[in-house]
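Colleague: Provided below for reference: sequence and predicted model.
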There are 2 protein chains.
Amino acid sequence: MGRSRAPGTAARILDIAERLVQSRGYNAFSYADVAHAVGIRKASLHYHFATKADLGQALVARYRQAFLESLRSIETRLAGSQERLQGYVALYGAVLRKKRMCMCGMLATDAATLPRPMRESVSGFFDENVAWLARVLEQGRKRHELLFPGAASERAAFFVSTLEGAMLVAHGSGNHEYFESASRQLLATVGPGRSKSRRYGARRPAR
Amino acid sequence: MGRSRAPGTAARILDIAERLVQSRGYNAFSYADVAHAVGIRKASLHYHFATKADLGQALVARYRQAFLESLRSIETRLAGSQERLQGYVALYGAVLRKKRMCMCGMLATDAATLPRPMRESVSGFFDENVAWLARVLEQGRKRHELLFPGAASERAAFFVSTLEGAMLVAHGSGNHEYFESASRQLLATVGPGRSKSRRYGARRPAR
DNA sequence: GTCTATAGGCAGATAGAC
DNA sequence: GTCTATCTGCCTATAGAC
């Protein structure tokens, strides 16, 4: 596979650059920033990633792959449809808690200035997420663990939109309550609920 | 008021810069870009806006004010709660159709690199939107034109999150269907609906 | 693989003439 | 108000020594 040994300089570069992209955006980080944080010189970065565009592509490709692995992990660890959706939402929450945005949400605003392969990877990320969610949603509905009208793929796109947006607003305003609140309401839209009232606002104290 | 005369150079600068920020982001536009589009030299821009931060602040202040005026216009033109919410959604749709993002959604991703006054204006924008929506939602519920559980302010934040996110994903992927679909489903969450099915997927052919 | 040195360009900003 | 000229600094990227 060609992936082994210690932390590996290339991987450390990707880790640092990932953090910078997710917190500042693609156009607001430089090779100088990365080099400083990694502890090598700017020029050495070019040995690992010839151009910034190459680094960017590697970044989003790795992110996409890691996210897919997280989705598989959710299906392995959690059997219930509600739990799987909660796990999905928690993925976003964990990113936000690190004071980061979803990398592809970040790159979505930078789309007009991105090299085409990166733009296509960003689209691919969203579509993959929708596809995974649509499967979970459809299966949940069949099993009567979830209840919602319309196509599962539409509801899946709704999930992605709401979570990306809640993260965006929470990140931009510094008010994470935007995210917590939106997550709860979002999950309530597919709950096999008593239809009205209840369901979110749950929030039992962790004991 | 100090505002009169023809198009005014300052206003033209703001128009150009606004378009650039909404399509490329704060860190991806330069005084050179603006100067070229306006038809004057870079140095002349500094006469109107001493620094890029000054220009940025003016940009978001004006955007915020214009948006508030649009909200007031909706209340003047439309009496029904459903119609007002549809009008609100249409505001976002119109921006997206111009291949732009909401300015404050754009700036939300750039937050970490923004001068503090700009960041605070971005927060203020979101909060203003939530406040306006909460009023419309609460009034609609009282009048039985809308039906939804929980606090109106929570549902208002949910609206903002979903619309910003749908716009973000649609912009980043070039697939506007993300936005159309999310809008329909969002409005359906407050419809005094027959509870299940129906309501979105409406889309009667324009005749 | 990492370094020093440097190229070439663009960024935001200023001085001063007109 | 707008111009030319210029400054300083950072950007991405390359050459070539170690």
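Modeller: Happy to help now that I have it. Everything quoted here is computed from the prediction, not taken from an experiment.

Colleague: which residues touch the residue positioned nearest the centre of chain A?
Modeller: Among the residues of chain A, the one closest to the centroid is A:Cys102, at 4.4 Å (C-alpha atoms, centre = their mean). A:Cys102 is in contact with A:Gln22, A:Tyr92, A:Val95, A:Glu164, A:Met167, counting by C-beta atoms under 8 Å, 6 or more residues apart in numbering or on different chains. Bear in mind the C-beta positions are built from the backbone N, C-alpha and C, glycine included.

Colleague: before we move on, what about A:Ser44?
Modeller: For A:Ser44, the contacting residues are A:Ala35, by C-beta under 8 Å, 6+ apart.

Colleague: what about the one helix or strand it maps to, average pLDDT?
Modeller: Using DSSP states H and E, A:Ser44 sits within helix A:42-48. In this model, helix A:42-48 has an average pLDDT of 98.

Colleague: Likewise for stretch A:123-134?
Modeller: The pLDDT scores in stretch A:123-134 average 98.

Colleague: if we can go back for a sec, could I get the contacts of A:Cys102 in JSON lines, plus columns for pLDDT and neighbour count?
Modeller: Shown next, in JSON lines, are the contacts of A:Cys102 (pLDDT from 0 to 100; neighbours: other C-beta atoms under 10 Å in any protein chain shown):
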{"residue": "A:Gln22", "pLDDT": "98", "neighbour count": "25"}
{"residue": "A:Tyr92", "pLDDT": "98", "neighbour count": "22"}
{"residue": "A:Val95", "pLDDT": "98", "neighbour count": "17"}
{"residue": "A:Glu164", "pLDDT": "99", "neighbour count": "28"}
{"residue": "A:Met167", "pLDDT": "98", "neighbour count": "29"}
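
Colleague: So which residues of chain A form helices?
Modeller: For chain A, helices defined by DSSP state H occupy the ranges A:9-24, A:31-38, A:42-48, A:52-77, A:81-97, A:103-109, A:116-142, A:152-173, A:177-188.

Colleague: can you put those helices in a markdown table and add distance to DNA strand C?
Modeller: Shown next, in a markdown table, are the helices of chain A (distance: least, C-beta to the nearest atom of the strand, whole Å):
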| stretch | distance to DNA strand C |
| --- | --- |
| helix A:9-24 | 4 |
| helix A:31-38 | 7 |
| helix A:42-48 | 3 |
| helix A:52-77 | 12 |
| helix A:81-97 | 28 |
| helix A:103-109 | 17 |
| helix A:116-142 | 20 |
| helix A:152-173 | 20 |
| helix A:177-188 | 29 |
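
Colleague: where does chain A dip in pLDDT?
Modeller: By pLDDT under 70, the weakly predicted segments of chain A are A:1-6, A:193-207.

Colleague: what about 80?
Modeller: A:1-7, A:193-207 (pLDDT under 80).

Colleague: Near DNA strand D, which residues of it are found?
Modeller: For chain A, the contact set with DNA strand D under C-beta under 7 Å from any atom of the strand comprises A:Phe29, A:Ser30, A:Tyr31, A:Ala32, A:Asp33, A:Lys42, A:Ala43, A:His46, A:Ala50, A:Thr51, A:Lys52, A:Ala53.

Colleague: at 10 Å what do you get?
Modeller: A:26-36, A:41-47, A:49-56, A:115 (C-beta under 10 Å from any atom of the strand).

Colleague: Just the buried residues of those.
Modeller: A:Tyr26, A:Asn27, A:Ala28, A:Phe29, A:Tyr31, A:Val34, A:Ala35, A:Leu45, A:Phe49, A:Lys52, A:Leu55, A:Gly56 (16 or more other C-beta atoms under 10 Å in any protein chain shown).

Colleague: ok, for A:Phe49, nearest residue in space, not its chain neighbours?
Modeller: A:Leu55 (3.9 Å; C-beta to C-beta, 6 or more residues apart in numbering or on different chains).

Colleague: Hmm, I typed the wrong one, I wanted A:Gly174.
Modeller: Among residues not flanking A:Gly174 along the chain, B:Ser123 sits closest, at 6.9 Å (C-beta to C-beta, 6+ apart).
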